[in-house]
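*Asks:* Just to be clear, the model below is a prediction. Sequence and coordinates:
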Amino acid sequence: MHFNSGACNGCDIEVVALLTPRYDVERFGIKLEPSPRHADVLLTTGAVTRQCTERLKRIYEQMPEPKFVVAIGACACSGGVFKGNYNVMDGVDKVIPVNAYIPGCPPKPEAIIDGVVKLLNSLKEAKTNGGK
Amino acid sequence: MVLDLWFIFRVLVFPGFTFLLSLTMFCDWVERKIEARMQNRVGPKFTGPAGILQPFADFLKLLTKEDIVPRGAKSTVFKLAPIVAFSIVVFALSFLPIDGAAVISNSSFAGDLIVIMALLTIANFLLFLSGWASANPYGTIGAARVLTQFLGYDIPLFLLALAPAFLAGSLSIAAIAASQYLPFVLLAPWAFVLFIVALQAELEKDPFDIPHAESEVVGGLETEYCGRKLAFLHLTRDVQIVFGAALVVELFLGGPYGPVFFGFPAFWYSLWFVLKLLAVIIISEYLTCLFARLRIDQVLSANWKMLLPLSVLSLALTIALVTWVYPLVV
């Protein structure tokens, strides 16, 4: 699932590039889902504008457990160049819990795949340590 | 009747539930691979050898997810519809002769073709109900589209399924499959082509996949579903695809029958069945990748103005040939 919370579309293009023949994340069984009810991972781009906050929260709450959030791009991680602006929340983690941060402006598709693999590995570690 | 072990084995393991389920998962994998290759991608690759376990992994993952019922949903229908739809399709599949006999031996009777077509319709109607009960605008639109589309395509599908019945002179699936010394696809190729087209619409595949067009209605009737119920909706869809392909195999491609080289005929019959099934799946998936989605009004006008008259014409042609021409040739 992919949600744009006020990004400039740079990161979104990189997310869409993941589905193209060059990167093809379906190799790992990852698909873009249209509905939050079907999603496991929420990819969020953008610095989260105040108007988006409620929507972002609601979409997060609509996802079934277990769910994970990945913040993609400098804006989603910390607010980026918009940090401190009057109309943004300075990053996704101010609104919902984030499991993985992928910085970059925009991050390369390779970086996004790497971030997802790191998220998967952290899940494995959590499992061996007994629970989350 | 005394329950014997052989009966239980046939229903639960081969060619019953377990076999059909693994066949469904395998066909799902084949479809995803073909789609990916057509789009110049690789497709599932890392789960099991060449990603063959990916559908199974997806299914297990959905089973472990949280189960949410939205507040406004009709909870009984919402919960039951996917499971009942799934069991109806599996039940319909068990009437088809897979290894030379139907799953439940001696279950074949005159007219079971009509029964399984009716079961397919009921399963589609349950899918509509599942969307309708989910209290979501997208789900409702998707469900209404399912109903609009399948009301239109059910009639041509029935008419076209009658062509092999006339050629075999029987309404029993087993008799139709057994009477094809020459596969009916050679005797009535027009009916075969039209049947594939109608089936694409019935199974909601491209170019007729408007009920779950992601760019318009999010997930269609599946929008509110998650966890186990979504797993069963997906499984219903996949089993329906297998069922449709199996129907084509039984009606047009000579059923499970083929050359038996050595050993058990049952083994060879199942092998031929699976091979023919895969051929149909590949044709249908090829069409899916090839065509863009139509609009709902285009689908409806194509159905009522073209497919329905064509299927009546095909039936008339088949009956005429069966009555006057084929008795002279065969």
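*Replies:* Thanks, I have the structure now. Numbers count the residues shown, from 1 in each chain, chains lettered A, B, ... in the order given.

*Asks:* Mind jotting down where the strands sit in chain A?
*Replies:* Ranges of strands in chain A, per DSSP state E, are A:2-4, A:41-45, A:68-72, A:100-102.

*Asks:* Dump the ones you listed to a markdown table, plus distance to chain B and mean neighbour count.
*Replies:* C-beta here means a position set from N, CA and C on the backbone, and glycine is covered the same way. Shown next, in a markdown table, are the strands of chain A (distance: least, C-beta to the nearest C-beta, whole Å; neighbours: other C-beta atoms under 10 Å in any protein chain shown):
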| stretch | distance to chain B | mean neighbour count |
| --- | --- | --- |
| strand A:2-4 | 12 | 19 |
| strand A:41-45 | 12 | 25 |
| strand A:68-72 | 12 | 24 |
| strand A:100-102 | 19 | 22 |
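
*Asks:* Mind checking those for the one nearest to residue B:75?
*Replies:* The closest of the strands of chain A to residue B:75 is strand A:41-45. By C-beta to C-beta, the value is 26.2 Å.

*Asks:* Would you list the strands that the closest one pairs with, along with their directions?
*Replies:* strand A:2-4 (parallel), strand A:68-72 (parallel) (DSSP bridges).

*Asks:* Return the residues in contact with residue B:231.
*Replies:* Residues near residue B:231 by C-beta atoms under 8 Å, 6 or more residues apart in numbering or on different chains: B:59, B:62-63.

*Asks:* The residue lying closest to it once chain neighbours are set aside sits in which helix or strand?
*Replies:* Nearest residue to residue B:231, sequence neighbours excluded (C-beta to C-beta, 6 or more residues apart in numbering or on different chains): residue B:62, at 3.6 Å. Using DSSP states H and E, residue B:62 sits in helix B:54-64.

*Asks:* helices and strands around that helix, which ones?
*Replies:* Contact analysis of helix B:54-64 by 3 or more C-beta pairs under 8 Å, 6 or more residues apart in numbering or on different chains; DSSP states H and E lists helix B:17-38, helix B:227-252 as its packing neighbours.

*Asks:* so how far is it from its chain's centroid?
*Replies:* Relative to its chain's centre, helix B:54-64 lies at 21 Å (C-alpha atoms, centre = their mean, to the nearest Å).

*Asks:* Could you list the buried residues of it?
*Replies:* B:54-59, B:62 (16 or more other C-beta atoms under 10 Å in any protein chain shown).

*Asks:* wait, does the helix or strand that that helix is followed by make contact with chain A?
*Replies:* For helix B:54-64, the following helix or strand on the C-terminal side (DSSP H and E) is helix B:75-93. No. Applying C-beta under 8 Å from any C-beta of the partner chain, one finds helix B:75-93 out of contact with chain A, separated by at least 12.2 Å.

*Asks:* helices and strands around the next helix or strand after helix B:75-93, which ones?
*Replies:* Remark: after helix B:75-93, the chain's next helix or strand is helix B:112-132, criterion DSSP H and E. The elements that helix B:112-132 packs onto, with contact taken as 3+ C-beta pairs under 8 Å, 6+ apart, are helix B:75-93, helix B:137-168, helix B:173-178, helix B:227-252.

*Asks:* Quick one: those as TSV, columns for mean pLDDT and distance to residue B:195 too.
*Replies:* TSV is the format used below for these (pLDDT from 0 to 100; distance: least, C-beta to C-beta, whole Å):
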stretch	mean pLDDT	distance to residue B:195
helix B:75-93	85	17
helix B:137-168	84	4
helix B:173-178	81	13
helix B:227-252	87	7
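
*Asks:* Tell me which of the ones you listed lies nearest to residue A:85.
*Replies:* Using C-beta to C-beta, the helices and strands packed on helix B:112-132 put helix B:137-168 closest to residue A:85, at 33.7 Å.

*Asks:* between the closest one and helix B:227-252, how big is the angle?
*Replies:* Helix B:137-168 and helix B:227-252 are oriented at 20 degrees to each other (axes from the mean of the first three to the mean of the last three C-alpha atoms, to 10 degrees).

*Asks:* Can you list the buried residues in helix B:137-168?
*Replies:* In terms of neighbour count (16+ other C-beta under 10 Å), helix B:137-168 has its buried residues at B:138-150, B:152-168.

*Asks:* repeat for stretch B:24-38
*Replies:* Of the residues in stretch B:24-38, B:24-36 count as buried by neighbour count, 16+ other C-beta under 10 Å.
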